[in-house]
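>>> The following block contains a protein sequence and its predicted model.
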Amino acid sequence: MELKGITREWDSLKKDAAARAASAAPYVKEGKIVDAKDAVALLEAVIKPGDKVNIEGNNQKQADFLAKTLCQVDPGKVHDLHMVQSVLTLPEHLDVFEKGIAKKLDMSFSGPQAGRIAEFLKEGKLELGAIHTYLELYGRYFVDLTPRVALIAATKADRHGNLFTGFSTEDTPAIVEATKFRQGIVIAQVNEIVDELPRVDIPGDWVDYVIQSPKPFYIEPLFTRDPALITDAQVLKGMMAIKGIYGEYGIKSLNHGIGFDTAAIELLLPTYGEELGLKGKICTNFILNPHPSMIPAIESGWVESIHCFGGELGMDEYVAARSDIFFVGPDGSMRSNRAFSQTAGHYAIDMFIGGTLQIDPYGNSSTATANRVAGFGGAPNMGCDPKGRRHSSEAWLKCGEEYGVKEAMWGPVHRGKRLVVQLAETFREKLAPGFVEELDAFALAKNANLPIEPVMIYGDDLTHIITEEGIAYLHKCRNMEERTAAIRGIAGFTEVGMKADPKETLRLRDLGVIKTADDLGIDMSRANRSMLAAKNVHDLVVWSKGLYNPPAKFRNW
Amino acid sequence: MALQVLEFEFKSAATQEIAKEWSHLGVTGSGDLEVLMEKKALNGGVKAKVVTPVKGFDAVWEKMLGKFVTDTGVGNVSIEINDDNATPIVVYMRLRQALAEATAKEAE
Amino acid sequence: MKNWTELENSSFFDANARERALGMVDKGTFTEFLNPLDRYCSPHLPVLGTAVEFDDGTVCGVGLLGKHPVFVVSMEGKFIGGAIGEVNGGKMVATIRLALKAAADIKAKYPEEYAARRPLVAVSFETGGVRLHEANAGLLAHAEVMDAFQDCRGIVPVVAVVGSKVGCFGGMGFVAAATDVIVMNEEGRIGLTGPEVIEQEMGKDEFDASNKALVYRTTGAKHKYIIQDCNYLVEDKIGEFHKTLAEVAEIPMAEIEKMRRIGSLKLVQEQQELVKLVGDMQPKDSMDLWKYFGNEDPAALPEMTTAEFLKVVKRRVRS
């Protein structure tokens, strides 16, 4: 057989990039700097129809000026773009579809724009590739979704294009690395252009253009929970979690999802956790954003390390002053990094715990509602049993030891299991049920024509559910029938709970598959807000010795 | 539009009476409720009256109050509740707190 | 229920109306008028499908501070935002009138000892003003309360106590201003139009209601203390309010009268001077006024504890 190579150009991407750079040349001032007023012209020069374009939309930091700019390009010149970006937060992220500038979307999470995405899908204004997890999307940046042009955001730049992303680094390294090393074009909006950067987070030769944004980038205090709004029911669930799971398994490394349930747990560590003598035995290593509600636990010596996906408004100074705990650069400020934090969250922690909106009788859990295409960000990566894990820990081994089908599934091999815990109230505000026979995800899949139901955590990965009725240790169940009975047993007065067979529930309590607050020895009349180590934002400031500087909307003084 | 008034009666197995003649706990805030407990000769049973703007949860109220009576064995007591969209856990916790209050000795 | 020590040490801001009423007077002396067992609910709310409360959202009663009977009105912000309707408005008016009747009885029985046994009215405001569900009755109650306050002038001191979540807004903002003495904790707020309504009517550029720090700088106790609307600024503990009220109960009526901010031609003129000052200087923020009154570093004031603040603050000098 004759082997024959093909004849083609092997550097067409590079040549194309050079041609685009040539047409953008008139707008470049000193070094790599482009004036904000020339931003639209710059984008029209470097973006071609059909390009894959990334607007840096993080969980927090937003390239908002560049998003606005992209909305102003002439759809005659720039159209049919394929947007690849992790988070859609700003209205402009969808305006580009309305204006005919973009056509296709691959994303991870959409928060406030979720309703509009569903609408656009129905009206055919938008073609959806897939809703990924963060790691999955970053992975695809390096396979088949590499941006041709990336519009990113940084805190500071110098004239050579070196960037300082600091506390709010988040997705930037993953996006820039994928784009630049496949000959793509990187444009950065920055809050400030300076002579000397505190440190270089992105080297200047990976960046093509720098624009000083008329306003600093938009950032949301997404992870701040005012302790004043934590309810007695959340305190009860928190006490159950600490005694029935954290203490029971000796959970040392973990991630806390966003929400009041986990904020309650964080604020119970220095009080209830201390009382149970668990300091040093649990909660030593975290993967999470700098939650202000972590301050009392950190200050009372519970925590050894925290790596962060992103920053949190007002926490910079506190974090910088606690460099034994957080990942702080030689310049003295923290560097967040979502890709690494998510990797750690997937492989290196013993437990993921977070809130959800709905759980079905199979244990599938989802925050999807019928008319919002929102995605789940990083939760599915952390809320699953990572099959590639090969290191062991006490908590992981114990959970594996208790696995009800381990003989059938694993044979004689010793394995462990990640704890994946969902906190749910049987009824939420306005009496919306937390347990349903069919997840809204099914209706959403139908409404938005999705090939799979958007399930946040699959039932077979879920090990524990905590409700005010009790904890279900689902991984101990030997089959689906038992698992469903365990879920019904803690689902209270929801339609799912009403079908519980009291005899079966009692049997599962005897087996330790269900434990109520009484079974755990928790006195319900103690479950109230006075258990919290901080009762309001001001208390957090006091705990931080004045280092936490809460955003204006949280300052009740 | 009008408020719902639900009335229930329960038989109690243990008939634990409350210490005080009457006792009150809580505030009818959004998502919360107030509970008034009064000692009454009810042949060991429990009478309950619930005033709530929420419709369609009669069966849940009955089960919830029934569970409270079974769990605590309280009897010879009349319970009146003014509710404003409290979830079952909040109702149950307030009932337990109200009972603790009604059984407690006078505060020092 | 908290025991007495716990109650006195607990946060006034977090306390409900009944806890505040109990803790503002001497231990074990509080008797409630129309308590929950009387089930005196609003007759208007049920027909509108709105939840009711046995005390209609206001706890009224009488207790003692030493020898002084204290007539207490304590509003519950968690129940319909503490709004004033027919029943709770009526209870408030009757409680104040009862204080006047007690004053007359004491004067008749102990003519020599009136100063030592003089009653006091203490109103713990937590309200946005009129309850819209029963607005006419609510408005009427506002007018009757103002009237009753006037009747108390020179006889029974009327003290406004403001330090709860909802603050004191709407028509009740006027009512609080018409008292003799105002006691607040740092968390207390007094105003007329609520922040959200100002934003809605005037736009976010005029007043950003989500900027809580701005809201507190404009309506909060530290500001009210600097401009002399607030007479006493105390730590957020029920016991601190108790202590301050006991102090006020002993102050001679002539001195009480001097603590007022409206209610005489001279006081109106003083208020007009303040209006003129604001017109002339066009402050962009309350901090401009704080600076004007002698506070070199106004931005530092909100961050201070109450004790630190009281040590360094410079207040408007009253004419």
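Received the coordinates, thanks.

>>> And residue 6, which helix or strand is it part of?
Reading this off chain A. Per DSSP states H and E: residue A:6 is located in neither a helix nor a strand.

>>> ah, I was thinking of chain B
Residue B:6 belongs to strand B:4-10, assigned by DSSP H and E.

>>> which parts of that strand are buried?
Counting neighbours by 16 or more other CB atoms under 10 Å in any protein chain shown, one finds that the buried residues in strand B:4-10 are B:4, B:6, B:8, B:10. C-betas here are computed from N, CA, C, even on glycine.

>>> Please determine how far residue A:35 is located from residue A:77.
20 Å (CB to CB, to the nearest Å).

>>> tell me the phi and psi of the closest residue to chain C within the stretch 251-400 of chain A?
Nearest to chain C, among the residues of the stretch 251-400 of chain A, is residue A:314, at 11.6 Å (CB to the nearest CB). Main-chain dihedrals, residue A:314, degrees, to the nearest 10: phi 90, psi -10.

>>> tell me the pLDDT at it?
Here the pLDDT value assigned to residue A:314 is 96.

>>> Correct me if wrong: it contacts residue A:221.
Yes - counting by CB atoms under 8 Å, residue A:221 is a contact partner of residue A:314 at 6.9 Å.

>>> which residues do those two both contact?
Shared contacts of residue A:314 and residue A:221 (CB atoms under 8 Å, 6 or more residues apart in numbering or on different chains): A:551, A:554.

>>> Could you check which of those two has the larger neighbour count?
Neighbour totals were compared for residue A:314 and residue A:221, and residue A:314 leads with 23 against 17 (other CB atoms under 10 Å in any protein chain shown).

>>> give the contact list for the residue nearest to residue B:73 when sequence neighbours are not counted.
Excluding its sequence neighbours, the residue lying closest to residue B:73 (CB to CB, 6 or more residues apart in numbering or on different chains) is residue B:14, at 2.8 Å. Residues near residue B:14 by CB under 8 Å, 6+ apart: B:73, B:74, B:75.

>>> any idea how far residue B:14 lies from residue B:67?
For residue B:14, the distance to residue B:67 - CB to CB - is 14 Å.

>>> And for residue A:404?
From residue A:404 to residue B:67 the distance is 28 Å (CB to CB).

>>> likewise residue B:78?
Distance from residue B:78 to residue B:67, by CB to CB: 18 Å.

>>> Just give the number of residues close to whatever residue of the stretch 1-150 of chain C ends up closest to chain A.
Closest approach between the stretch 1-150 of chain C and chain A, counting by CB to the nearest CB: residue C:14, at 6.8 Å. Other residues lying near residue C:14 total 17 when counted by other CB under 10 Å.

>>> Leaving out chain neighbours, which residue sits closest to it?
residue A:535 (6.8 Å).

>>> That neighbour against residue A:556, yeah?
No - using CB under 8 Å, residue A:535 is not in contact with residue A:556; the gap is 11.4 Å.

>>> so which of the buried residues of strand B:4-10 comes closest to residue A:392?
Using CB to CB, residue B:10 comes nearest to residue A:392 of those, at 51.7 Å.

>>> any idea of the pLDDT on that closest one?
Value listed for residue B:10 in the pLDDT field: 96.

>>> show me the contacts for it.
Taking CB under 8 Å, 6+ apart, one finds B:45, B:46, B:47, B:48, B:65, B:66, B:69 in contact with residue B:10.

>>> show me what contacts the nearest residue to residue C:73 once chain neighbours are set aside?
In space, and not counting its chain neighbours, residue C:73 is closest to residue C:123: 4.5 Å by CB to CB, 6+ apart. For residue C:123, the contacting residues are C:72, C:73, C:74, C:75, C:92, C:158, C:159, C:160, C:161, C:176, C:179, by CB under 8 Å, 6+ apart.

>>> ditto for residue C:190
Taking CB under 8 Å, 6+ apart, one finds C:125, C:162, C:167-169, C:173, C:176-177, C:182, C:184, C:219, C:224, C:229-230 in contact with residue C:190.

>>> one more time with 6 Å, if that's ok
Counting by CB atoms under 6 Å, 6 or more residues apart in numbering or on different chains, residue C:190 touches C:162, C:168, C:173, C:176, C:224.
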